[in-house]
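Q: what would the 3D arrangement of this be:
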Amino acid sequence: MSGTSFDGLDVALCQFSGHGINTKVKVLHFVTKDYTTGFKEELKSVFAKRTTDLERITLLNAFIGFYYGELILQCLEEWNVSVGDVDAIASHGQTIFHAPRHLHGIENYGNATLQIGDADHLAVQTGIITLSDFRQKHIAAGGEGAPLALYGDYLIFSSPVENRIMLNIGGIANFTFLPVGYGSGCFSTDVGPGNTLMDQYIQLKFPGRYYDKNAEMSSAGTVNESLLTALLEHPFFAADFPKTTGPELFSMAYLQNAIKVSGQDGINDFDVMATLALFSAQGIIQAISKCIAGQGPYDIYLSGGGMYNPLLVKYIEDHFGCKLKSTTELGIDPDAKEAVLFAMLANEALAGGKTNYGNIKNLPSVSMGKISFPN
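A: Alright, predicted model coming up:
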């Protein structure tokens, strides 16, 4: 799995048994293979831009597939695992543009998303059957291609005794609500920015830095209430759930417009970061409060890079008056959770594919993933 933060490639070696609601998974190994600074810059040059270099996208599509293969082979060697012992690779690819209909608004066109990193290159490089491009089937079946976390959350984390919220704070924040058992009341939705605006601002203003480590910069500033109000006024936040979004909307242009509208042109960098941290927290708080009202008590389990931002976590904990938990308590490393999700989707495609998700909104009962053979 490679997300929109461009930190590196998350590689999880998973052992599955069963499928559907009988799925059991054990994470044998996990590591994040850091990307070089040069490669991060290459990805940023084509990411979430309506106009970009088509030749570079074409070249990166092939290169990323080959590069992923190299990184996976490194992992297997380091873990002393034979290529022949691996049944399949599940590759999410690298998202470069997410375009749900409600954001692009172009007549006669539906939902769309694009991930690059050709799986044929990955399969040939490693000699392992590879499943990829999972999001397209979701769109073809009537979804928006995201968030797909609901599939893994529903099958792996549903509980017979506890209402659970699986909150993932990546570039974009999303959560899955899992009522007790395998009830029809579960759903998943994006809620707005997680780390993306903070990361983009750090990278713009402080070259060489990619994120606000330990919330050092946001903690040094003061929240600007006028800017915060302007940031929260976009129609996305009033739209019905479930919904999806991405850095295509929550970009530096979005921030600059909010600064202009709120008349805060002279605001300093630390106050911007402080405000962005509360903005991300407010998007999460408002969404959970609206969606889960009247559902009874629940526990919140965190994953994603935002769980390491102590200021962001504190805002959420203070509002709900509870200590946020981690998916570690459920047997899955939170850093590995998204990689495990796509491994699970591959397991469903290969061993299951008959799970009926009933009438759960945004959860079409389809098998996802295209298969690439190494020879």
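Q: the residue most central in space within the chain and Lys24, how far apart?
A: Here the mean C-alpha position of the chain is nearest to the C-alpha of Gly170 (Cα atoms, centre = their mean), at a distance of 5.3 Å. In this structure, Gly170 lies at 25 Å from Lys24, with Cβ to Cβ, to the nearest Å as the measure. C-beta: built from backbone N, CA, C; applies to glycine.
Q: burial count for Ser218?
A: By the other Cβ atoms under 10 Å criterion, the neighbourhood of Ser218 contains 26 residues.
Q: what helix or strand is it on?
A: Element membership for Ser218 (DSSP states H and E) is helix 216-219.
Q: buried set for that helix?
A: Applying a neighbour-count criterion of 16 or more other Cβ atoms under 10 Å, the buried positions in helix 216-219 are Met217, Ser218, Ser219.
Q: with stretch 103-122 instead?
A: Buried positions in stretch 103-122, judged by neighbour count with 16+ other Cβ under 10 Å: Leu103, Asn111, Ala112, Thr113, Leu114, Gln115, Ile116, Gly117, Asp118, Ala119, His121, Leu122.
Q: repeat that for stretch 66-80.
A: Within stretch 66-80, the residues that count as buried by 16+ other Cβ under 10 Å are Tyr67, Tyr68, Gly69, Leu71, Ile72, Cys75, Leu76.
Q: how about those residues in CSV, adding distance to Leu28?
A: Shown next, in CSV, are those (distance: Cβ to Cβ, whole Å):
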residue, distance to Leu28
Tyr67, 23
Tyr68, 19
Gly69, 20
Leu71, 17
Ile72, 14
Cys75, 11
Leu76, 11
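Q: these in strands, which ones?
A: If you go by DSSP state E, these have nothing in strands.
Q: for Leu278, the count of nearby residues, please.
A: For Leu278, the count of nearby residues is 21 (other Cβ under 10 Å).
Q: and what of Ser17?
A: Using other Cβ under 10 Å, Ser17 is surrounded by 11 other residues.
Q: now do the SS call for the closest residue to Ile285 other than its chain neighbours.
A: Spatially, and ignoring its direct neighbours in sequence, Ile285 is nearest to His319 (4.9 Å; Cβ to Cβ, 6 or more residues apart in numbering). Three-state secondary structure (criterion: DSSP: H, G, I helix; E, B strand; the rest coil) places His319 in helix.
Q: show the model's pLDDT score for His319.
A: According to the per-residue confidence, His319 scores 97 in pLDDT.
Q: burial count for it?
A: One way to gauge burial is a neighbour count; for His319, by other Cβ under 10 Å, it gives 15.
Q: so which residues of the stretch 101-250 of the chain form helices?
A: 101-104, 119-126, 135-140, 149-152, 196-205, 216-219, 225-231 (DSSP state H, counting those that start in this stretch).
Q: quick one: the last one to chain centroid distance?
A: Think helix 225-231. Relative to the chain's own centre, helix 225-231 is displaced by 25 Å; criterion: Cα atoms, centre = their mean, to the nearest Å.
Q: ditto for the third one
A: Distance of helix 135-140 from its chain centroid, counting by Cα atoms, centre = their mean, is 16 Å.
Q: if you count neighbours, what's buried in it?
A: Going through helix 135-140 with 16+ other Cβ under 10 Å, the ones that come out buried are Arg135, Gln136, Lys137, His138, Ile139.
Q: out of the residues you listed, who's nearest Asp333?
A: Of all these, the one with the least separation from Asp333 (Cβ to Cβ) is Arg135, at 23.3 Å.
Q: number of nearby residues for the nearest residue to the closest one once chain neighbours are set aside?
A: Nearest residue to Arg135, sequence neighbours excluded (Cβ to Cβ, 6+ apart): Gly145, at 3.9 Å. Look at Gly145: counted by other Cβ under 10 Å, it has 23 neighbours.
Q: so where's the stretch 51-200 of the chain uncertain?
A: Across the stretch 51-200 of the chain, nothing is flagged by pLDDT under 70.
Q: the domain parsing of the protein - what is it?
A: Here the domain parsing of the chain from automatic domain parsing is 8-143+367-372, 151-330.
Q: could you export these as TSV, including distance to Ala351?
A: Rendered in TSV, the data for the domains of the chain read as follows (distance: least, Cβ to Cβ, whole Å):
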stretch	distance to Ala351
domain 8-143+367-372	5
domain 151-330	12
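Q: quick revisit: make a markdown table out of the buried residues of helix 135-140 and add distance to Ala12.
A: Formatted as a markdown table, the entries for the buried residues of helix 135-140 read as follows, by distance: Cβ to Cβ, whole Å:
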| residue | distance to Ala12 |
| --- | --- |
| Arg135 | 19 |
| Gln136 | 22 |
| Lys137 | 22 |
| His138 | 21 |
| Ile139 | 25 |
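Q: which one of those residues sits closest to Glu41?
A: Arg135 (24.9 Å).
Q: that closest one reaches Leu148, doesn't it?
A: Yes - because the distance of 6.7 Å satisfies Cβ atoms under 8 Å, Arg135 is recorded as touching Leu148.
Q: residues that sit against both of the two, list them.
A: Common contacts of Arg135 and Leu148, defined by Cβ atoms under 8 Å, 6 or more residues apart in numbering, comprise Met368.
Q: Ser45 reaches Asp53, doesn't it?
A: Yes - here Ser45 reaches Asp53: they are 7.2 Å apart, a contact under Cβ under 8 Å.
Q: Glu41 belongs to a helix?
A: Yes - assessed by three-state DSSP, Glu41 belongs to a helix.
Q: the chain should start at 487 in everything you say after this.
A: Sure thing, new numbering starts at 487, so read that last one as Glu527.
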